[in-house]
Structures are given as structure tokens and as C-alpha cells.
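Colleague: A structural model of the following input is requested.
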Amino acid sequence: MKKSKTLTHLLKGWFGKAALLTASIAASALLLEGSIRYYCDNISKSPICSFPNIEDKFGDRWRYIPGSIVFDFKVNSKGYLDKEFETKKHDDIKKIIALGDSFGNTMPYNFNYLTLAESSKWEIYNMNITGTNPTDYLETLVNEGLSYNPDAILVGFYEGNDFIFYEDKENKIKLYTPQLFNHFYTLFKIKFEEKSLNIDTSTDYNNSSDIDTIDKCILATERKKTKTEIKNYWQNQIASFLINQMDDTLSSFEYNWEILDKINKIAKNNNKDIIAVLIPSAYQVEKEVYETCINMEPKLLAHDINMDNLHTLLRLYYEDEGIPVIDLLPPLREGYKKYGKMYLENDIHWNCRANQIAGQEVKNFFEKYFAEHKN
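Modeller: Numbering: from 1, shown residues only. Okay, here's the model as predicted:
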């Protein structure tokens, strides 16, 4: 009897301690989740809060720090990779604001396609922010872009992810904490791999001279990638490719069509023209990337492959809405045939040569556009 009481007492003691420990862990987890959620949603613009499927209420977490040096160029006071913007208009120079994501940020200033598209007759305000999407383009247009009273609004749409990973409101991840830990774990892996491979990831150009030749551009932008970065790259390409094959692609992107409509209507209400730039994925341009995606993902073989499915839908949408389009797919395919790779190695972004091609296409468009819109 005495032993039974002692055992019962011990069990109660252990259960009590276990219950107390469980309650403490649960309370700590709730406190941590609440703190991270409040910090990311209401205080911070830090990139550490840019988790997949969690809404970025600021829309510019990856904006550059004003005054910082990227490659060989000093970022302007608004955090953009460009010269200082002016609200004043010059009668003899047209003003274009350019909205978009990292495709306007990954090259040295002199080889950025938006810089290369400028002329003595017009200037382009590069308002591209890494990690953003059409919802953010709309916010940037309303909150900043229109204040510069532009003559035209250029919007770059990357077919690889601008219409895929955003605003799935029904399936939005509810917990921030696991995403934060996963974020830091991935960063740690990449940094460890960079160190072991002696990879220099600095975006500051170490030479005192400007990056003014394509050889210098290549030297500044081409680098080895870590295993984690390469894995993430191929996951991105395959995910984009798979969704591009969906029969109901148009309905799947319903929210994004609504955003495009809003951008267009706001521009029209302000007597501005929207010009869309269609930026294709690497698998649409480079044969090697296309074939690797097919070999890595058997599901792709189950489709009658049309790698331009989304591209065609976007073209039709813009034509129906009367929106001019700068379609970069054909010239980049021609560039690939002539020069070889158009994208950085194991990277979704264009290389130096592709930026030259894209810049020339945009420049050619505006030569004709402003000749037809002289007033």
C-alpha cells in the first residue's frame, strides 16, 4: 500500500512537471509567434520578414539602403539604383517611371537595361524593387510614381513568378515562426557553402574604375553559386514551368488580372499610358535550361508542353486592354542563338549581354512611341 502511494505521488509529480513544462513551452511559442508577427507586420521592412506566402505589407523589404554602394554606383535617397529623381519636369525631356522587381536591380548601373534604354530625349526613373510583385507595383505607382508626373509608365512583368506565388489568400501560411527559422537555416547553409567554396558575394566593385565594358560587367556579376542556391534555382524554374502548363492558367491568376486592371485604370485616370514589358523565364529562352527541367521533372512530360502558355495569355490580355507591349521573348531567343547564354549561371536574372538586348528593345520602342505622342 505504501509503495502504491509512493508510485502515485511520483507519477503525479512527473505529470505535474511535464504539464508545467508543456504549458511553458506553449506560452513561449505563442509569445514568440506574436512578437515576430507584430514586428514583421507593423515595424520592420527587413528582408528577414519576406517569408514565402506571407504578405509583405510594406512592399519594399528589399529596397536598397539610401546612399549604399551597389557594384560601382551610389543608391539614390529613395533607395533605388538610379540617380536622384526630380519632381520638376523639363519641357524638352520626357519622363518615364519604371516599375518592376529584381530584373531592374541585378546589374551594374551602366549595364542595367533601364539605364541603357535612356536617351537625350527621355529619362527613365528606375523604381524596381527586388522581391516585389504586381500588388507592390500598384502601391509604388500610387504612393510614389505618380508624384513625378511621368509621361509614361513602364511595368516589367517577370513570367517566372509575378503571376504564380502571390495572394493565395485561402492557403496563406498562418505561422511566422517556422518560416523565420527556415529562413535563417537557409541563410546559414548558403553562407557556410560560400565560405567553403571561397565565393565572393560582394556587390561592391573592388576596382576604382567604372564598370563601362562588357568584360568588366561579366567580371562583376558572374560568380559561382552554392549547392543551396542551385537547388533553389531549379525548384523555381520547374515550379514556373509546371504552372505554365496548367489548362486553367487564366483563372488561376484571377487576382493578378484584377491588379493589372487597377494599374491600368489608375494610369488612365491620370492620363498616363501603361507600357508592359514581358520578361520571360530562362527555360523559355535557353535550350539547356528547358531540357534540364524536362529531365528533372517527369510531370512535365504528362503535358503537351507549351512553354509560352502564360506568355500568350498575357499578350492577349494586353491587346484586349489596348496596352502597348514590349515583348522581350523573341529578341532574347535571337540573342541566345547569336551569343549563347542570356541568363546568369544558375540564376533567374539576365546576364550583361541580355541587358544590352533588352535595353535596346525598350529604347527602340520609345523612339517610335514618343514620335507618335509628341504632345
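Colleague: Can you report how many residues neighbour L20?
Modeller: If you count neighbours by other CB atoms under 10 Å, L20 ends up with 10. Bear in mind the C-beta positions are built from the backbone N, C-alpha and C, glycine included.
Colleague: host element of it?
Modeller: According to DSSP states H and E, L20 maps onto helix 2-38.
Colleague: immediately after the helix or strand of the chain with the lowest mean pLDDT, which helix or strand?
Modeller: In the chain, no helix or strand scores lower on mean pLDDT, DSSP states H and E than helix 249-252, which sits at a mean of 54. Toward the C-terminal end, the helix or strand that comes next after helix 249-252 (DSSP H and E) is helix 254-269.
Colleague: pLDDT of that next one, averaged?
Modeller: In this model, helix 254-269 has a mean pLDDT of 84.
Colleague: other SSEs contacting it?
Modeller: Secondary-structure packing of helix 254-269 (3 or more CB pairs under 8 Å, 6 or more residues apart in numbering; DSSP states H and E): helix 134-143, strand 273-279, helix 309-321.
Colleague: Just tell me which of those ends up closest to I214.
Modeller: I214 sits nearest to strand 273-279 of all the helices and strands packed on helix 254-269, at 20.5 Å, using CB to CB.
Colleague: Give the next helix or strand downstream of the closest one.
Modeller: With DSSP H and E, the next secondary element past strand 273-279 is helix 282-285.
Colleague: Do you have the strands of the stretch 151-300 of the chain handy? List them.
Modeller: For the stretch 151-300 of the chain, strands defined by DSSP state E, counting those that start in this stretch occupy the ranges 152-158, 273-279.
Colleague: right, so those: which one is the most enclosed?
Modeller: Of all those, strand 152-158 has the most neighbours on average by mean count of other CB atoms under 10 Å, namely a mean of 24.
Colleague: From the contact counts, what lies against it?
Modeller: Looks like strand 152-158 contacts strand 94-100, helix 134-143, strand 273-279, helix 352-372 (3+ CB pairs under 8 Å, 6+ apart).
Colleague: Note down every partner strand of it and its orientation.
Modeller: strand 94-100 (parallel), strand 273-279 (parallel) (DSSP bridges).
Colleague: Is it possible to get a markdown table of those strands that adds distance to H349?
Modeller: Below are these laid out as a markdown table (distance: least, CB to CB, whole Å):
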| stretch | distance to H349 |
| --- | --- |
| strand 94-100 | 12 |
| strand 273-279 | 10 |
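Colleague: and I326, helix, strand or coil?
Modeller: Secondary structure for I326, judged by DSSP: H, G, I helix; E, B strand; the rest coil, is strand.
Colleague: isn't it right up against L278?
Modeller: Yes - judged on CB atoms under 8 Å, I326 makes contact with L278 at a distance of 7.0 Å.
Colleague: quick revisit: out of the helices and strands packed on strand 152-158, nearest to G67?
Modeller: helix 134-143 (20.0 Å).
Colleague: the inter-axis angle of the closest one versus strand 94-100?
Modeller: Interaxial angle, helix 134-143 versus strand 94-100 (axes from the mean of the first three to the mean of the last three CA atoms, to 10 degrees): 150 degrees.
Colleague: what angle do helix 134-143 and helix 254-269 make?
Modeller: Orientation note: helix 134-143 sits at an angle of 20 degrees relative to helix 254-269 (the same axes, to 10 degrees).
Colleague: Same question for helix 134-143: list its buried residues.
Modeller: P134, T135, D136, Y137, L138, E139, T140, L141 (16 or more other CB atoms under 10 Å).
Colleague: Likewise for stretch 27-44?
Modeller: Residues of stretch 27-44 classed as buried: E33, I36, R37, C40 (neighbour count, 16+ other CB under 10 Å).
Colleague: re earlier: please render the buried residues of helix 134-143 as JSON lines that adds pLDDT to the earlier fields.
Modeller: Formatted as JSON lines, those follow (pLDDT from 0 to 100):
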{"residue": "P134", "pLDDT": "88"}
{"residue": "T135", "pLDDT": "85"}
{"residue": "D136", "pLDDT": "86"}
{"residue": "Y137", "pLDDT": "91"}
{"residue": "L138", "pLDDT": "90"}
{"residue": "E139", "pLDDT": "89"}
{"residue": "T140", "pLDDT": "91"}
{"residue": "L141", "pLDDT": "93"}
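Colleague: Turn these into JSON lines, including distance to R315.
Modeller: Output for these, formatted as JSON lines (distance: CB to CB, whole Å):
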{"residue": "P134", "distance to R315": "16"}
{"residue": "T135", "distance to R315": "22"}
{"residue": "D136", "distance to R315": "23"}
{"residue": "Y137", "distance to R315": "19"}
{"residue": "L138", "distance to R315": "21"}
{"residue": "E139", "distance to R315": "25"}
{"residue": "T140", "distance to R315": "24"}
{"residue": "L141", "distance to R315": "22"}
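Colleague: Can you tell me which of the residues you listed lies closest to I259?
Modeller: Using CB to CB, P134 comes nearest to I259 of the buried residues of helix 134-143, at 4.4 Å.
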